[in-house]
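Novice: sequence first, then the predicted structure, then my questions.
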There are 2 protein chains.
Amino acid sequence: MDETSIINENTDVFEKKITLIERNLQEITINDKEIIRKIIRKRNLKIYWGTAITGKPHIGYFLPILKIKDFVEAECEVTILFADIHGFLDNLKAPIELIENRYHYYEKIIKIMLMSVGCDINKIRFVKGSDYQKNSDYVFDLYKLCSYTTERDCKRAGSDVVKQRDNVLLSSLIYPNMQALDEEYLKVDAQFGGEDQRKIFMHAKTFLPKLGYKKRIHLMNPMMPGLNSDKMSSSDELSKIDLLDTEQQINKKINKCFCEEGNLQSGVLHVFEFVIFHYYTSISINKKSYTSIEDVKKDFEMKLIHPKDLKLACSNYINKMVTPIRNEMLKDIDMIKKAYNN
Amino acid sequence: MDETSIINENTDVFEKKITLIERNLQEITINDKEIIRKIIRKRNLKIYWGTAITGKPHIGYFLPILKIKDFVEAECEVTILFADIHGFLDNLKAPIELIENRYHYYEKIIKIMLMSVGCDINKIRFVKGSDYQKNSDYVFDLYKLCSYTTERDCKRAGSDVVKQRDNVLLSSLIYPNMQALDEEYLKVDAQFGGEDQRKIFMHAKTFLPKLGYKKRIHLMNPMMPGLNSDKMSSSDELSKIDLLDTEQQINKKINKCFCEEGNLQSGVLHVFEFVIFHYYTSISINKKSYTSIEDVKKDFEMKLIHPKDLKLACSNYINKMVTPIRNEMLKDIDMIKKAYNN
């Protein structure tokens, strides 16, 4: 190869990586985009995604999982944080006595989800929060950070993530500070999360430098409407689709979803947009092929797709994605029972 | 010795210990009194006093120091906690970068004060907060405690101790939770402190049991009026008497104190009541001997003691107490400079 073709090939690789990293994201600041490019020119990007060990992962978890697959394919050094302590810091969403068992559940299901979408989990570093969040360096930094941040700073930061109430628990105020410190202690360049993490990310950008640490890059995924509990309408069954639900349960839940002929305001379309089309490049509804959500929407709006057919296709694809995960998980019923005390 | 005399002797020792432990205290609940008696009948009482490494110890520190002498003489197992982390958690009263040097200052001056009042420091265990407050067990308990306590709980608890402001620092809310945990981690039966600690003590009594730990005994010293900054009148110079002040500076400050002929509302009388009479069993004012503050007050009210003589005697006794401390401290000017960055 001559020099020009090497440069061309390098440029191709570079562009491919950037595309993989940035596609389907909801937000990334211009400044952060530039920093990513600078890093990628020199080495692989180090990025982390944290999942708080709270309730039970539902189909919305496919959004970050599919994005993580992109990062791995872009040769990023991906870290997944199982934030067990955060699980109870957020209003004891996970009871303290169950947290260890529930961590095992999360670890298993997240790994299975990743494998099920074809992601090589050997390329990912998995970290458990409590393995370093009780270390003395971390804790001393936390004490310091709490001396620089006010209750108002921390309330604002957590307002879209941590359960809100009038007289907040102290733990919910510590939560964003720890998430900021995690960026430093996981030695990453960037943190990835849903758009709901925005205020925590900005909090981290503001306060990490006060401890002498550099502010990190933040990559934000869109939030799938109907999957964030705050935005969930009572008729919306999507966020209730558990990854261990049977085919019948999934069909029933999708069937219950609001989906009016010609009306684009439907959670079912959101599932196509944010989950199914992020995984399948081409799908079929009532025997017609589609390669983009726009085409599906167009046909649905023009009433060329009937809600019943949309739901049927949705159920089929979701079941195709969920079934291998459920089957793998159900091999260890005991672990599941322990995690949820039932 | 026959059995009766052994019992009598034991009863005497018991009563002497109880008297030493309880004398001059402002408050101790009836329930706690009973628990103390139960313990003392079986073994020595384990008690801790914590001093946050904040500004600079002044003559008010003689109050706890003299009380600690009582505890040691009552054969209590006394622990003194140098709460270095608390020093910056309270609104960065001690700058984080100076905390280690300032800890050395506190350690030295507290030990010298104890020795100067005739307390055997070999019978006291000295602990530095950061030596265990960054340990994983402690921290995990702190995370848990923060999941059980609200911002309101912690604000209320700290309201007489931690500097108050509108938008509080998170650290000032963590402060009372750590002080509660300290009781458990220092493995004591009781915590001793000024009456200003009352709300933190009640907070500890309420929340330690939620972690499965037993609630502790609390012994509260009176607050010397004019020495607590909140209650300090602008004319009051007492709280400004530093333990390193020269004789001239001390004389000048005491001389500036409000002290009107026949008027019992004088900080100078408070110094006699809370410091001098806790140390000297008999004192002399203008060549007349006194063995109690009541007698001094009576004579002062009847204008048999002139303010000038009261101040003169006060200066003499305080200088007698402070001079050996100052002399010992000034042997290490470098340490002092480092502690206060001057």
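Specialist: Perfect, I can see it now.
Novice: any stretches of chain A with poor pLDDT?
Specialist: A:1-3, A:226-239 (pLDDT under 70).
Novice: and the gap between the most centrally placed residue in it and residue A:278?
Specialist: Residue closest to the average C-alpha location in chain A (CA atoms, centre = their mean): residue A:64, at 3.0 Å. From residue A:64 across to residue A:278, the span is 11 Å (CB to CB, to the nearest Å). C-beta here means a position set from N, CA and C on the backbone, and glycine is covered the same way.
Novice: kindly report the same for residue A:17.
Specialist: 18 Å.
Novice: could you list the buried residues of the host helix or strand of residue A:109?
Specialist: Per DSSP states H and E, residue A:109 falls inside helix A:99-116. Residues of helix A:99-116 classed as buried: A:99, A:101-114, A:116 (neighbour count, 16 or more other CB atoms under 10 Å in any protein chain shown).
Novice: chain A against chain B: which residues are in contact?
Specialist: A:85, A:88-89, A:91-92, A:96, A:130, A:133-136, A:139-140, A:143-144, A:146-154, A:167-171, A:173-174, A:177 (CB under 8 Å from any CB of the partner chain).
Novice: buried members of the residues you listed into ChimeraX, please.
Specialist: ChimeraX command restricting these to the buried ones, with burial defined by 16+ other CB under 10 Å:
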select /A:85,88,89,91,92,96,130,133,134,135,139,143,144,146,147,148,149,150,151,153,154,168,169,170,171,173,174,177
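Novice: and the residues of chain A next to chain B, which of them are in helices?
Specialist: A:85, A:88-89, A:136, A:139-140, A:143-144, A:146, A:151-154, A:170-171, A:173-174, A:177 (DSSP state H).
Novice: let me know whether residue A:177 touches residue A:145 as I believe.
Specialist: Yes - between residue A:177 and residue A:145 there is a contact under CB atoms under 8 Å: 4.7 Å.
Novice: what is in contact with these two at once?
Specialist: residue A:207 (CB atoms under 8 Å, 6 or more residues apart in numbering or on different chains).
Novice: quick one on the thing from earlier: nearest to chain B among the buried residues of helix A:99-116?
Specialist: residue A:99 (10.4 Å; CB to the nearest CB).
Novice: next, the buried residues of stretch A:309-320.
Specialist: Buried residues in stretch A:309-320 (16+ other CB under 10 Å): A:310, A:311, A:312, A:313, A:314, A:315, A:316, A:317, A:318, A:319.
Novice: which of the residues you listed fall within helices?
Specialist: Going by DSSP H, the helices hold A:310, A:311, A:312, A:313, A:314, A:315, A:316, A:317, A:318, A:319 from the buried residues of stretch A:309-320.
Novice: now for those residues, which pair is the farthest apart?
Specialist: Greatest spatial distance among those (CB to CB): A:310 and A:319, at 14.8 Å.
Novice: dump the residue contacts of the residue nearest to residue A:99 when sequence neighbours are not counted.
Specialist: Distance criterion CB to CB, 6 or more residues apart in numbering or on different chains; nearest residue to residue A:99, sequence neighbours excluded, is residue A:84 at 5.2 Å. Residues in contact with residue A:84 (CB under 8 Å, 6+ apart) are A:53, A:94, A:99, A:100, A:102, A:103, A:128, A:129, A:130.
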